[in-house]
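[1] This is the structure alone, sequence omitted:
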């Protein structure tokens, strides 16, 4: 099979091809590395790449009996996740050349299933606001989104089929939408987070990038052993709320039109779509999320905050300093608000299986100094709900738009089946 | 002041002495290090000690303007917490000589307040079951408890006034009780946990050891900036439930008698103590805690589980393997049970401010191969409640007993004032 065909395979198809001997893990890794070599100069998705190491892992797969679902599949790892055999710099000069002693839990779980870690992908500093050098592969003048910038861009640009991200506000769903791939943030704590740099233990959630819904489900099923996540077929006749949050006006016209198309396609495929108005119990939750994120971030990154000038960006330092200045009473009130809102989630969904909402206000903003607004992500992350974005066409600048679906905590399997319906319906429409 | 007097000072008194120039931080560190030199062979509290480094930190305090509440105070750090200037081995051969790049959040917060990190204290392997070499300073034939073995023993043996521990089942309260000191596990997530090796993100909680209640409160207030934690005076007329859990029969006669004494002393000091029967909503919660701990532990320590033979103990490997074999459905059910129980905590307390329960089934068991049973700790850790143990006399073998007080999540200030009442009442009795 030609390299160009190999890099476009889904992870499932690639695993099947390796399993039946159609091609080797080495051939797949070689094709991915050739794509990286051709495109990395334009995209800048990788923080660390060691082609010889990746090829050695792939040839070891070819020589060994299959170890798991991910046997021979190239995977990208966000550079806030520790790797024992590659540097881990957390997006910061402060950790230049840092070599952890061990793999993060999610990396070890992927390797245990046979994954080939292709490289470390660019993150904003400490998965915060200060961006890395990654460009949007669709248009390099635009941000790829963040903080999981390199993972989203690498998957979108066919450098690898699967990658890890993490979301504390909107760092999986937003870059996925901006780059035109699927981004899936599972329910809180579904994928083990040990060995990943902590920002906010109340919010930090490992997520994944893939080019289709089934691949995202398959990746997380492999990592967790949760085979019910694998959607046997698109959800039959789900009931979808078209939720209009209090912040809905921040979505631009192209995004609203894209959601109209998604809703219509899902209805044509058997879903019932109902309009849902702002839910008062969630008022102010995005502010509460910001308070919790900044307060916890300043304390969990207390060592990093003491770094000498020049080793962390002034943008990061200002955010950490602002977080350190938040009073405990303010934080406690925000946590109390979140707890009360979590108790209302069931009535928020009511008779709906999922809600359809924007993934982001619009296309990826122009420029590389800001990864975009997480206004359509913060509340769902705070509530620990599973979220997934599926590509939903392009906007006026020719950049991707995303449609986000969310469900009750723990209802990941149903959410994935519904996302598969949306994806299938859009492809048919 | 003589060394023997310096090492017996409370942290508050030591800080006041340094502040008024009665003695230096260097003199205090020197006294503590002399105590360690004299006693470490018998106790084995330290995993790593660098006297020159500790003294340099102390003399730096003496030369600088005071930085915070802990200015010049020696602190012990459990060796699952990263330190940039001392090895961090997580109690395991697997990490022999490991040197982290940065300080754990709690260490950085302590240093920011001026603390002198005296050394790293012994932990069981990965804060699990496989014990380290620490002995109970009261009787070296007995366990000090675990997993925060070295921190409890070092504080009890006057090697230092304050130390960090962590609790996933009973790893702060139990060793504190066994060694005869105060162990305080705050409400979940009160002290930032970043940079501490993760076992179970649903349970892991940073706690502290001190020789009196006010020191424990003062340490946590310094770390968190939560000055309301400082008890101005013992709680006036609190209402205390003498809670008899379904597992209450596992407490021995000496422990029950010690709790009787504590209850009587608190009543004499103005508390109302009422008997409380087993709370059915909490049935089976200790089993649920064990499931969550083992399931999450196996996944968060996925890299460690792949270690070659001899680098982790077979006991640890067996526990990790057992955790990996737990079905996701079993884990999900345990989490659901915990969630439901958390919703009942308010009615569990009812009109009581705190519950009085055993800290452990009895005195520290004889032998060093088992750190003791966490049966009286698991449920409270799972429910995220603040817990504190105060020394409550000795048992038939001459070893310490502990009385544990627990309160609603977030009611740490009230709990500390109640614990101060218990401590004061016992001293008067």
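    Perfect, I can see it now. Just so we're clear, the structure is a prediction, and the values are computed from it rather than from any experiment.
[2] Please tell me how far residue A:169 sits from residue A:129.
    9 Å (CB to CB, to the nearest Å). All C-beta spots, glycine's among them, are computed from the backbone N, C-alpha and C.
[3] I meant to write residue A:121 there.
    Going from residue A:121 to residue A:129 by CB to CB gives 18 Å.
[4] quick one: which of the two has more around it?
    Neighbour totals were compared for residue A:121 and residue A:129, and residue A:121 leads with 33 against 19 (other CB atoms under 10 Å in any protein chain shown).
[5] What residues does the closest residue to chain B within the stretch 1-150 of chain A make contact with?
    Closest residue of the stretch 1-150 of chain A to chain B, CB to the nearest CB: residue A:108 (3.8 Å). By CB atoms under 8 Å, 6 or more residues apart in numbering or on different chains, the contact set of residue A:108 is A:102, A:195, B:302-303, B:305-306.
[6] at 7 Å what do you get?
    By CB atoms under 7 Å, 6 or more residues apart in numbering or on different chains, the contact list for residue A:108 reads B:302-303, B:306.
[7] filter those down to the ones close to chain A.
    Restricting the contacts of residue A:108 to those near chain A by CB under 7 Å from any CB of the partner chain leaves B:302-303, B:306.
[8] Which one of those sits in the busiest neighbourhood?
    In terms of neighbour count, residue B:302 stands highest of those at 26 neighbours, by other CB under 10 Å.
[9] and the residue nearest to that residue when sequence neighbours are not counted, what element?
    Spatial nearest neighbour of residue B:302, excluding adjacent residues (CB to CB, 6 or more residues apart in numbering or on different chains): residue A:108 at 3.8 Å. Assessed by DSSP states H and E, residue A:108 sits inside helix A:105-112.
[10] which bits of the stretch 51-200 of chain A sit near chain B?
    Neighbours of chain B within the stretch 51-200 of chain A, by CB under 7 Å from any CB: A:95, A:98, A:101-103, A:105, A:108-109, A:112, A:189, A:192-195, A:198.
[11] Go through chain A and flag its longest helix.
    helix A:25-43 (DSSP state H).
[12] Show me what secondary structure element comes after it.
    That would be, after helix A:25-43 and using DSSP H and E, strand A:46-49.
[13] list the buried ones in that following strand?
    Residues of strand A:46-49 classed as buried: A:46-49 (neighbour count, 16 or more other CB atoms under 10 Å in any protein chain shown).
[14] could you pull out the helices for the stretch 51-200 of chain A?
    All helices of the stretch 51-200 of chain A, identified by DSSP state H, counting those that start in this stretch, fall at A:51-63, A:105-112, A:149-156, A:173-179.
[15] okay, the contacts of residue A:108 in JSON lines with secondary structure next?
    Below are the contacts of residue A:108 laid out as JSON lines (DSSP: H, G, I helix; E, B strand; the rest coil):
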{"residue": "B:302", "secondary structure": "helix"}
{"residue": "B:303", "secondary structure": "helix"}
{"residue": "B:306", "secondary structure": "coil"}
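[16] Show me which of those residues is closest to residue B:32.
    Closest approach between these and residue B:32, by CB to CB: residue B:303, at 35.5 Å.
[17] The closest one: what's its closest spatial neighbour, skipping adjacent residues?
    Residue B:303's closest residue in space is residue A:108 (CB to CB, 6+ apart), at 3.8 Å.
[18] what's near enough to touch residue A:278?
    By CB under 7 Å, 6+ apart, the contact list for residue A:278 reads A:244-246.
[19] shaky segments in the stretch 151-300 of chain A?
    For the stretch 151-300 of chain A, no stretch is flagged by pLDDT under 70.
[20] can we see that at 90?
    Across the stretch 151-300 of chain A, the ranges flagged by pLDDT under 90 are A:232.
[21] that older thread, check the buried residues of strand A:46-49 and tell me the two furthest apart.
    A:47 and A:49 (8.2 Å).
[22] Helices along the stretch 251-400 of chain A, start to end?
    A:253-268, A:285-300, A:302-305, A:314-324, A:328-342, A:345-349, A:378-382.
[23] can you put these in TSV and add distance to residue B:372?
    Shown next, in TSV, are the helices of the stretch 251-400 of chain A (distance: least, CB to CB, whole Å):
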stretch	distance to residue B:372
helix A:253-268	57
helix A:285-300	31
helix A:302-305	32
helix A:314-324	38
helix A:328-342	33
helix A:345-349	40
helix A:378-382	38
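[24] Which one, of the ones you listed, ends up nearest to residue B:270?
    Closest among the helices of the stretch 251-400 of chain A, using CB to CB: helix A:328-342, at 28.6 Å.
[25] and the closest one, what does it pack onto?
    helix A:285-300 (3 or more CB pairs under 7 Å, 6 or more residues apart in numbering or on different chains; DSSP states H and E).
[26] Check the offset of the helix it packs on from the chain's centre.
    Its chain's C-alpha centre and that of helix A:285-300 lie 20 Å apart, by CA atoms, centre = their mean, to the nearest Å.
[27] Could you count how many residues lie near the nearest residue to residue A:279 once chain neighbours are set aside?
    What sits nearest to residue A:279 in space, not counting adjacent residues and going by CB to CB, 6+ apart, is residue A:348, at 5.1 Å. Using other CB under 10 Å, residue A:348 has 20 other residues around it.
[28] Help me confirm that residue A:348 comes into contact with residue A:280.
    No: Residue A:348 lies out of contact with residue A:280 (CB atoms under 7 Å); the separation is 10.3 Å.
[29] re earlier: which one of the contacts of residue A:278 has the most neighbours?
    Going by other CB under 10 Å, residue A:245 tops those with 22 neighbours.
[30] Surely residue A:201 is within a helix?
    No: with three-state DSSP as the criterion, residue A:201 is assigned coil and is not in a helix.
[31] residue contacts, it?
    Shown in contact with residue A:201 (CB under 7 Å, 6+ apart): A:296, B:189, B:193, B:201.
[32] Which residues does the longest helix of chain A contact?
    A:3, A:6-7, A:14, A:18, A:46, A:49, A:51, A:54-55, A:58-59, A:61-62, A:72, A:74, A:116, A:118, A:134-135, A:137, A:140, A:153, A:157-160.
[33] Show me just the buried residues among the residues you listed.
    Buried by 16+ other CB under 10 Å: A:3, A:6-7, A:14, A:18, A:46, A:49, A:51, A:54-55, A:58-59, A:61-62, A:72, A:74, A:116, A:118, A:134-135, A:137, A:153, A:157-160, out of the contacts of helix A:25-43.
[34] Nearest to chain B: which residue in the stretch 51-200 of chain A?
    residue A:194 (3.3 Å).
[35] Phi first, then psi, for that residue.
    Here is the backbone geometry of residue A:194 (degrees, to the nearest 10): phi -60, psi 140.
[36] How many residues are close by it?
    Close neighbours of residue A:194, defined as other CB under 10 Å, add up to 27.
[37] pretty sure it is in contact with residue B:298, am I right?
    No: contact criterion CB under 7 Å: residue A:194 and residue B:298 do not qualify, at 10.7 Å.
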